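> Would you be able to build a 3D model of this:
(one chain, ligands or ions: 1)
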Amino acid sequence: TSGSVATSPIDSSDDAYSIPVSIGTPAQVLNLDLDTGSSDLWVFSSLTTASEVNGQNIYTPSKSSTSKLVSGATWKVKYGDESTSSGVVYTDKVTVGGITASSQAVEVAKTVSASFTSNSDIDGLIGMGFDSLNSAKPSAVPTFFDNIIGNLDSPVFTADLKHNKAGSYDFGVIDSSKYTGSLTYVAVDTDPGYWKFTSSGYGIGSAAFKSTSVVGIADTGTTLLYLDTAIVKAYYATVSGASNSATYGGWVFKCSATLPNFVFGVGSAKITIPGSYINYSPVTTGSSTCFGGLQDSTDIGINIFGDVALKAAFVVFDGSDTPRLGWASK
Ligand SMILES: O=C(NNC1=NCCC1)c1ccc(Br)cc1
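Take a look at the predicted model:
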């Protein structure tokens, strides 16, 4: 089988990208954040503390004829932005882009942290990292990708995220109409469970490309691009008036600034992020000070190729016995 689902940015800053996911019988459709940086499929639910639900769609297992409680199973997940959620586990029928996992572990939230409550556009997450990252206890549960991979024509999913418009995630097929040129593949290190790869270098504006190994993860669940201090400083040195603000917790500049393109290498290929993608958003609504889409990864401990980078490319997440990432321009 193969399938495709549209994915839309939840707001004008492309803060996250959601997909419709059908759960249960009859179908309950929730908008989930497909996240290659984690491996839990969890949802707002009828079991979620009422005061922590604010406009989200919820999954009510008792209304699904195919739901089953997984006795004794619990989960608790913490994300890189310090957000958290936790609860219990059901299995149910889950369909994404026309592809069904008949008995998918659906982690039902009993509690979620404030940043989830305040985001009415996201009804939960669908993790597409490796199973080793799954938080369920006493034993991990397989991701949706792991459950369907055996039925896919090809053991892959692809990401075609776009700036301020709908893109798509495809499953089981590589649609060559969605990219230009050719795909360049790079090895993935699956320890500890991210899609971790080594970029071959970077270029800032019209400056010479710098060949250097940059280890990072391809993370659809992280909004921005986080790289080593030296690269980030070199980039903002070309933006007059840019500064690393303690007040705002990162690099800021005048919203009217002209930002250079940023190129990152994958093998011999080069992906160009338009400078405009690095003007992320005003620090507060209406401010003329803007927060950069490229930030320092020092405090994280690993580089993250988040949505700012991913939306400049067509990316193949290849889950074959030798996992790898394919990158192309578009
Ligand atoms: O949590 C992570 N990615 N997904 C999401 N972030 C926020 C909601 C979902 C994440 C993963 C690895 C590293 Br290293 C840093 C962050």
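> which residues are there in the stretch 51-200 of the chain that come within reach of the ligand?
79-81, 83, 194 (C-beta under 6 Å from any ligand atom). Yep, even glycine has a C-beta here, placed from its N, CA and C like the rest.
> Now intersect those with the helices, please.
Assigned to helices by DSSP state H, none of those qualify.
> what's downstream of the helix ranked longest in the chain, the next helix or strand?
Counting by DSSP H, the longest helix found in the chain is helix 229-236. Following helix 229-236 in sequence order, the next helix or strand is strand 243-245 (DSSP states H and E).
> tell me how far that following strand is from the chain's mean position?
26 Å (C-alpha atoms, centre = their mean, to the nearest Å).
> From the contact counts, what lies against it?
helix 229-236, strand 250-254 (3 or more C-beta pairs under 8 Å, 6 or more residues apart in numbering; DSSP states H and E).
> helices and strands around the longest helix of the chain, which ones?
strand 196-204, strand 243-245, strand 250-254, strand 294-296.
> Is residue 30 bridged to anything, and to what?
Beta bridges link residue 30 to residue 21 when assigned by DSSP bridges.
> Residue 44 is in contact with that one, correct?
Yes: look at residue 30 against residue 44 with C-beta atoms under 8 Å: they come within range, at 7.4 Å.
> Mind checking which of those two has more residues around it?
Neighbour tally, residue 30 and residue 44, criterion other C-beta atoms under 10 Å: the higher count belongs to residue 44, 27 against 24.
> pLDDT score assigned to that one?
For residue 44, the model assigns a pLDDT of 99.
> what do you get for the one 5 residues further on?
Per-residue confidence for residue 49 comes out at a pLDDT of 99.
> doesn't residue 114 make contact with it?
No: the pair residue 49 / residue 114 is not scored as a contact, 11.9 Å apart, by C-beta under 8 Å.
> Flag every residue of the stretch 201-330 of the chain that's near the ligand.
With C-beta under 6 Å from any ligand atom as the criterion, the stretch 201-330 of the chain meets the ligand at residues 217, 219, 221-222, 300, 302, 304.
> Out of these, list just those in strands.
217, 304 (DSSP state E).
> Quick check on the residues of the stretch 201-330 of the chain next to the ligand: which are buried?
217, 219, 221-222, 304 (16 or more other C-beta atoms under 10 Å).
> I'd like those laid out as CSV, including pLDDT.
Converted to CSV, these look like this (pLDDT from 0 to 100):
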residue, pLDDT
217, 99
219, 99
221, 98
222, 98
304, 99
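> for those residues, which one is nearest the ligand?
Of all these, residue 221 has the smallest distance to the ligand: 2.8 Å, by C-beta to the nearest ligand atom.
> what residues are up against residue 315?
158-160, 218, 325-327 (C-beta atoms under 8 Å, 6 or more residues apart in numbering).
> Check the burial of residue 127 by counting its neighbours.
Neighbours of residue 127 using other C-beta under 10 Å come to 27.
> Check the spacing between it and residue 146 real quick.
10 Å (C-beta to C-beta, to the nearest Å).
> Overlap in contacts, these two.
By C-beta under 8 Å, 6+ apart, no residue touches both residue 127 and residue 146.
> Can you list phi and psi of residue 115 for me?
phi -70, psi -30 (degrees, to the nearest 10).
> In space, what's closest to it - neighbours in sequence excluded?
residue 83 (4.6 Å; C-beta to C-beta, 6 or more residues apart in numbering).
> again, but for residue 288
residue 255 (5.2 Å).
> for the one you found, what are its contacts?
With C-beta under 8 Å, 6+ apart, residue 255 has these contacts: 279, 282, 287-290.
> If any of those are buried, put those into a PyMOL selection.
Only the buried entries of the contacts of residue 255 go into this PyMOL selection, using 16+ other C-beta under 10 Å:
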select buried, resi 279+289+290
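> mind listing which of the contacts of residue 255 are in strands?
Those of these lying in strands (DSSP E): 279, 282, 289-290.
> burial of residue 89, as a residue count?
22.
> Same check on residue 201?
Based on other C-beta under 10 Å, the number of other residues close to residue 201 is 16.
> what's the answer for residue 62, then?
Neighbours of residue 62 (other C-beta under 10 Å): 9.
> what about the nearest residue to it once chain neighbours are set aside, neighbour count?
Nearest non-adjacent residue to residue 62, counting by C-beta to C-beta, 6+ apart: residue 46, 6.9 Å away. Counted with other C-beta under 10 Å, the neighbours of residue 46 add up to 13.
> Can you pick out the most distant pair from the ones in strands among the contacts of residue 255?
The span of the ones in strands among the contacts of residue 255, defined through C-beta to C-beta, is set by 279 and 289 at 11.3 Å.
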